[in-house]
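1. sequence first, predicted model second:
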Amino acid sequence: DKTVADMRLDHGGSGLTLSETAAGRDPLSLFATWFEAAAAHPDVVEANAMALATVDAATLRPSCRVVLMKGFDEHGFVWYTNYTSRKASELGPGAHAALTFWWPQLERSVRVEGAVARVSAAETASYFLSRPRASRLGAWASRQSSVVASEDVLSEREQTLDARFGDDVPVPDFWGGYRLSPRRVEFWQGRASRLHDRVLFSRDDDVDDDDDD
C-alpha cells in the first residue's frame with residue numbers, strides 16, 4: 001500500500017509554463033489573468049478561496065484558515081469577517097498577513113504578503129447589502145471563533161434575528177472587511193521533475209528563495 005511518504009504527483013500535465021518575460025511587470029495584471037483562468041475552469045470550485053495566515057502579536061503563534069476573496073484591484077485583496085474572530089484579533093493596527101491561492105487543476109499557486117487594514121465602512125456596507133438575506137442574517141447569528149452551546153442555540157438565535165429585522169438586515173457593527181496591500185507576490189507554475197517555474201514580484205530588498213517545491 002502507498003504510504004504518505006510515497007504520495008507525490010509529477011506536475012507538468014497541464015502543459016502550462018511561466019517565464020519572467022511572460023509574467024510581465026505588473027503582478028496584479030498577471031493575477032487577474034490567472035484568476036480568470038481558474039474561475040473559468042469547469043473543475044475549479046471556489047477559485048476565490050485562499051488560505052489566510054496571521055500571527056498573534058503577543059505570543060507570535062501563527063494561525064491559518066481558508067477564507068473567500070471578495071475583491072481585488074491595484075490596492076490589494078479584500079475579504080470580510082467578524083471583527084471578534086481570532087483572525088480579526090490578529091489583524092490589528094500595523095498587522096501583516098499572507099495569502100495563498102491554490103488551483104491544482106491548473107497546477108498553479110499564488111502567494112501574497114503585505115500589510116493589512118480594514119476597508120471603509122462604506123465599502124463594507126456596499127458589499128454586505130449585496131449578499132443574500134440569509135447570508136446577512138448569518139453574519140449576525142454567527143460569533144466566529146466562539147464556542148456554541150448547541151446547534152439549537154444557533155438556530156434559535158437566527159430565528160430571533162429573522163423576526164427582528166424582517167427584510168431590512170443592517171450591517172453588524174462587529175463585521176466588516178480587510179484589505180491586504182501586497183508587498184510580495186509570488187507565482188508558481190508546476191513543472192515536471194519538480195523543476196517548477198516561480199516568478200517573484202517584490203517591493204522589498206530582502207528577496208529570498210525559500211523553497212524549491
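-> Looks like it arrived, so ask away.
2. residues of the lowest-mean-pLDDT helix or strand in the chain that come out buried?
-> Within the chain, no helix or strand scores below helix 151-165, which has a mean of 81 by mean pLDDT, DSSP states H and E. Neighbour-count burial for helix 151-165, counted by 16 or more other Cβ atoms under 10 Å, picks out 157-158, 161. All C-beta atoms are positioned from the backbone trio N, CA, C, and that covers glycine.
3. show residues contacting stretch 181-190.
-> 11-12, 14, 16-18, 23, 27-28, 30-31, 34, 75-77, 107-117, 196-204 (Cβ atoms under 8 Å, 6 or more residues apart in numbering).
4. poorly predicted segments of this structure, please.
-> Where the chain drops to pLDDT under 70, the residues are 144-149, 204-213.
5. repeat that with 50
-> Across the chain, residues meeting the criterion (pLDDT under 50) sit at 212.
6. before we move on, back to that, which ones among the contacts of stretch 181-190 are found in strands?
-> Judged by DSSP state E, the contacts of stretch 181-190 include 76-77, 108-117, 197-202 as members of strands.
7. hmm, back to that, got the CA coordinates for the least confident helix or strand of the chain in CSV?
-> Below are the C-alpha coordinates for helix 151-165, written out as CSV (Å, rounded to 0.1, in the frame of the first residue of the first chain):
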residue,chain,number,x,y,z
GLU,A,151,-26.8,23.8,17.1
ASP,A,152,-30.2,24.6,18.5
VAL,A,153,-28.9,27.7,20.2
LEU,A,154,-27.5,29.0,16.9
SER,A,155,-30.8,28.1,15.1
GLU,A,156,-32.9,29.9,17.7
ARG,A,157,-30.6,33.0,17.5
GLU,A,158,-31.1,33.1,13.7
GLN,A,159,-34.9,32.8,14.1
THR,A,160,-34.9,35.6,16.6
LEU,A,161,-32.9,37.8,14.3
ASP,A,162,-35.1,36.8,11.3
ALA,A,163,-38.2,38.1,13.2
ARG,A,164,-36.4,41.2,14.4
PHE,A,165,-35.1,42.5,11.1
